[in-house]
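# Provided below are the primary sequence and the corresponding predicted coordinates.
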Amino acid sequence: MPRLWRSVRAPSPDAPLTLSPSAPGLSFQPGFRLQIEADEAAELGDAETLARIDAYEMAFRMQASVPELTDISREPASTLEAYGPEVRKPGTYAANCLLARRLLERDVRFVQLFHRGWDQHIAITRQLPNQCRDVDQPTTALLKDLKQRGLLEDTLVVFATEFGRTVFSQGKLGDPGMGRDHHGRAFTVWLAGGGVRGGIDHGATDDFCYNITEKPVHLRDLHATILHCLGIDHARFTTKFRGLNVRLTGVEEAKVVRDILA
């Protein structure tokens, strides 16, 4: 595979990776190999070679855009303050929320954010408040930022996990080491933005948050709804898998949750 960046001098194993053409030990030569392939494509009329060139050029444009993308020095102080005190620390959830907005306003179609460490079988009274503090303010700032810039109307925000937690204690009640176990029977997901009504609740559980009592939504229904908001009919959209045309929502019946749609 042609490389757009060629190492001239072996960097130190501890040296940070950089995408800057002016970095010591790096020489920027995107054109030489591509010109050879372009000449070959012109001579042979090879569509695959032309497609490969397009892919290389897109990859380079993506890499070359990273320094500007991650430079938040021109963001207004009010914006940085809204995302919280950790927004300037790379790798934090707050910093990633701001980067998510910057990606979306550059027409990136899919952005995924993680905040790990929520598997709280132990020490939940200490861990959970800290994690909520990490997430609450930046998430709020991201939604407000998207709305202010007119991006929320066509951006679907999905805030979800793969299961919930039991309402009862795992471990002795009151023990600092207590936690909560996995619970997949009922848990909460929220959506905002593109195609979704705001300010509503859908579904309910019993008093113990154990079983669903109203308007159950299966995971495949959630997936069907997300696809619908993206303009995709889940019943017709399939992918090849082991010789079969497989729906992303599975073989069971899945329905779009229209009560939550705008």
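Structure received. Residues are numbered from 1 along each chain as shown.
# per-residue pLDDT, the closest residue to R247 other than its chain neighbours?
Nearest non-adjacent residue to R247, counting by CB to CB, 6 or more residues apart in numbering: T238, 5.4 Å away. To be clear about C-beta, it is placed using only N, CA and C from the backbone, and glycine gets the same treatment. T238 is assigned 91 on the pLDDT scale.
# list the contacts of T238.
Listed by CB atoms under 8 Å, 6 or more residues apart in numbering, the contact set of T238 reads N245, V246, R247, L248.
# quickly note the distance from it to P85.
46 Å (CB to CB, to the nearest Å).
# same question for T125.
Counting by CB to CB, the gap from T125 to P85 is 23 Å.
# buried residues in stretch 88-102, which are they?
T92, Y93, A94, A95, N96, C97, L98, L99, A100, R101, R102 (16 or more other CB atoms under 10 Å).
# and the residues you listed, which of them are in helices?
Taking DSSP state H as the definition of helices, those contribute Y93, A94, A95, N96, C97, L98, L99, A100, R101, R102.
# test my guess that the fifth one contacts T140.
Read it as C97. No. Taking CB atoms under 8 Å as the definition, C97 is not a contact partner of T140, at 9.4 Å.
# residue ranges with poor pLDDT in this protein?
By pLDDT under 70, the low-scoring segments of the chain are 1-38, 40-42, 44-45.
# which parts of the stretch 101-250 of the chain are strands?
All strands of the stretch 101-250 of the chain, identified by DSSP state E, counting those that start in this stretch, fall at 156-159, 164-165, 182-183, 190-193, 204-205, 212-214, 238-241, 244-247.
# and the fourth one, what other elements does it pack with?
Strand 190-193 makes packing contacts with helix 124-148, strand 156-159 when contacts are defined by 3 or more CB pairs under 8 Å, 6 or more residues apart in numbering; DSSP states H and E.
# could you dump these into TSV and include distance to L219 and mean neighbour count?
Shown next, in TSV, are the helices and strands packed on strand 190-193 (distance: least, CB to CB, whole Å; neighbours: other CB atoms under 10 Å):
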stretch	distance to L219	mean neighbour count
helix 124-148	22	16
strand 156-159	12	16
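# would you turn these into TSV with distance to V108?
What follows is the helices and strands packed on strand 190-193, written out as TSV (distance: least, CB to CB, whole Å):
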stretch	distance to V108
helix 124-148	13
strand 156-159	14
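# mind saving the C-alpha coords of the host helix or strand of Q63 as CSV?
Secondary structure from DSSP states H and E places Q63 in helix 47-70. Output in CSV follows, covering the C-alpha atoms of helix 47-70 (Å, rounded to 0.1, in the frame of the first residue of the first chain):
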residue,chain,number,x,y,z
ALA,A,47,-11.4,1.6,-12.7
GLU,A,48,-10.0,-0.2,-9.7
THR,A,49,-6.9,1.8,-9.8
LEU,A,50,-8.8,5.0,-10.0
ALA,A,51,-10.9,3.9,-7.1
ARG,A,52,-7.8,3.2,-5.1
ILE,A,53,-6.4,6.6,-5.9
ASP,A,54,-9.6,8.2,-4.7
ALA,A,55,-9.4,6.2,-1.4
TYR,A,56,-5.8,7.3,-0.8
GLU,A,57,-6.6,10.9,-1.5
MET,A,58,-9.6,10.8,0.9
ALA,A,59,-7.4,9.1,3.6
PHE,A,60,-4.9,11.8,3.2
ARG,A,61,-7.5,14.6,3.4
MET,A,62,-8.9,13.0,6.6
GLN,A,63,-5.4,12.7,8.2
ALA,A,64,-4.4,16.2,7.2
SER,A,65,-7.6,17.7,8.7
VAL,A,66,-6.9,16.3,12.2
PRO,A,67,-4.5,19.0,13.5
GLU,A,68,-7.1,21.7,12.7
LEU,A,69,-9.9,19.6,14.0
THR,A,70,-8.3,19.0,17.4
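# right, I'll call it a day here.
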